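Predicted model, plus sequence, below.
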Amino acid sequence: MTFIFIRLFFIAMSGVAGYQLGLSISNLDVSTAWTGAAIGLGTGVVIAGVEVLLRPIYVRGLSAAVFGLLFGLIMAKIVTGVFLLVPMSDMVGQSVQLAFTIVFCYLGMMMALRSKDEFSVIIPYVKFEQQGKSEEFVLLDTSVIIDGRIADIAKTSFIDSKFVIPRFVLRELQQIADSQDSLKRNRGRRGLDALNKIQKSSNLDVRIHDEDFPEVHEVDAKLVKLAKKIQAKIFTNDYNLNKVAELQGVTVLNINELANALKPVVLPGEVMDVRLVKEGKEYNQAVAYLDDGTMVVVEGARRLIGQKVEVEVTSVIQTAAGRMIFAKLASQQQATEKV
């Protein structure tokens, strides 16, 4: 919306400038002034259209081309000056100057575009990266920011992609932080704190993306559309967003899947120490939790709730909510209880 407003303002000002120019040229003739205004409006529209067409052009490539053009002009001036020391007619001299200018400008631009990564040697403190070098972007959605674990993952340097936070995600996060509901408000503030940690991390490149899609109302749909446009991945823990994005060919990094993959492998027959904290759903069951949050259901241990016991794993199942471990009291624990 901001870009559209700027373009409209530029076109309007072009019309005003054309009107004033026509008025000054024609000695206050209004008809000529309006003709100038029409020409100014048309020129503004053409320039705005060219600007829209030039959007895909890389800024680094354009900068390199300009540098190559200046270099070509300088070389053409030097070489032409040498040739003009030889006596020749003015027409021949102008033709030689024109030919050398065209040739050296062309060669300078082509060499600059092919050698952008070498400009740091020619111009200190300026580095043009190769245009062909791909950049990987990861879009953060609201749920994964509120989750908070992304800040800890970012510190590990396992993700070397550039984090992109859309402006519409920030707006949604701000709305949650300003909610009248205390639970939502606390979640939103936790997300803002996690975002602040990410931005302060020295080993991360975090960018705010301003592009919005006014015709799309849902934030998830905007994320998928933006990811497809800039060829980015989506970092989320939202199950529905995960499925929708995958159906549309967008790669998804699910933080819950990552957490499940990092959980230690437990096999039937292994023995572990756990603290029973509550009753299970079935008769005489007790429930414990490992440090990573994995639920351990222990058969025949209801009487031992509140105690630390030794259990033997009987089976492990994977559910949509995560992994569950079923166990029984170890033989040594059972013998102690009998005594």
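Arrived safely, thanks for sending.

CA only for contacts and neighbour counts going forward, please
Will do.

State the phi and psi torsions of Thr156.
Torsion angles at Thr156 (phi, psi; degrees, to the nearest 10) stand at phi -80, psi -10.

neighbours around it, how many?
Neighbourhood size, Thr156 [other CA atoms under 10 Å]: 10.

all strands for this protein, in order.
In the chain, the strands defined using DSSP state E lie at 137-140, 162-166, 206-209, 233-236, 252-254, 271-279, 286-289, 295-299, 308-319, 322-329.

pLDDT weak spots in the stretch 151-300 of the chain?
Along the stretch 151-300 of the chain, the model assigns pLDDT under 70 to residues 202-203.

Kindly recompute the last result at 50.
Applying pLDDT under 50 to the stretch 151-300 of the chain flags no residue at all.

quick one: the helices in it?
Counting by DSSP state H, counting those that start in this stretch, one finds helices in the stretch 151-300 of the chain at the ranges 167-177, 182-200, 219-230, 239-247, 255-261.

Which one, of the ones you listed, ends up nearest to Val86?
Closest of the helices of the stretch 151-300 of the chain to Val86 is helix 219-230, at 56.2 Å (criterion: CA to CA).

Now do that closest one: which elements does it pack against?
Identification of packing neighbours for helix 219-230 by 3 or more CA pairs under 8 Å, 6 or more residues apart in numbering; DSSP states H and E yields strand 137-140, strand 233-236.

quick one on the thing from earlier: of the strands of the chain, which approaches Ala227 most closely?
Going by CA to CA, the one of these nearest Ala227 is strand 233-236, 6.3 Å.

would you turn the helices of the stretch 151-300 of the chain into TSV with distance to Val96 and mean neighbour count?
Converted to TSV, these look like this (distance: least, CA to CA, whole Å; neighbours: other CA atoms under 10 Å):
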stretch	distance to Val96	mean neighbour count
helix 167-177	55	18
helix 182-200	57	17
helix 219-230	47	18
helix 239-247	60	15
helix 255-261	66	13
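
export those helices to CSV and tack on distance to Val92?
Shown next, in CSV, are those (distance: least, CA to CA, whole Å):
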stretch, distance to Val92
helix 167-177, 60
helix 182-200, 62
helix 219-230, 52
helix 239-247, 65
helix 255-261, 72
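
for the stretch 1-150 of the chain, which spans come out with low pLDDT?
In the stretch 1-150 of the chain (pLDDT under 50), the answer is 117-133.

number of nearby residues for Val66?
Neighbours around Val66, by other CA under 10 Å: 17.

that older thread, nearest to Phe9, of the strands of the chain?
Closest approach to Phe9 among the strands of the chain (CA to CA): strand 206-209, 23.4 Å.

Report the distance from the closest one to the chain centre.
Taking CA atoms, centre = their mean, to the nearest Å, the mean C-alpha location of strand 206-209 is offset from the chain mean by 6 Å.

same check, this time on stretch 276-289
For stretch 276-289, the separation from the chain centroid amounts to 44 Å (computed by CA atoms, centre = their mean).

hmm, back to that, and of the helices of the stretch 151-300 of the chain, who's closest to Ala151?
Using CA to CA, these put helix 182-200 closest to Ala151, at 5.5 Å.

Show me what that closest one packs onto, helices and strands only.
Looks like helix 182-200 contacts helix 142-147, helix 149-155, helix 167-177 (3+ CA pairs under 8 Å, 6+ apart).

Please save the CA atoms from that helix in CSV.
Only the C-alpha atoms of helix 182-200 are listed here, as CSV (Å, rounded to 0.1, in the frame of the first residue of the first chain):
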residue,chain,number,x,y,z
SER,A,182,-4.5,-12.6,30.6
LEU,A,183,-3.5,-15.9,29.2
LYS,A,184,-3.2,-14.6,25.6
ARG,A,185,-1.5,-11.5,26.8
ASN,A,186,1.2,-13.5,28.6
ARG,A,187,1.7,-15.7,25.6
GLY,A,188,2.0,-12.7,23.3
ARG,A,189,4.6,-11.0,25.6
ARG,A,190,6.5,-14.3,25.8
GLY,A,191,6.7,-14.3,22.0
LEU,A,192,7.9,-10.7,21.9
ASP,A,193,10.6,-11.6,24.5
ALA,A,194,11.7,-14.6,22.3
LEU,A,195,11.7,-12.4,19.2
ASN,A,196,13.9,-9.8,21.1
LYS,A,197,16.4,-12.6,21.9
ILE,A,198,16.5,-13.7,18.3
GLN,A,199,17.2,-10.2,17.0
LYS,A,200,20.0,-9.7,19.6
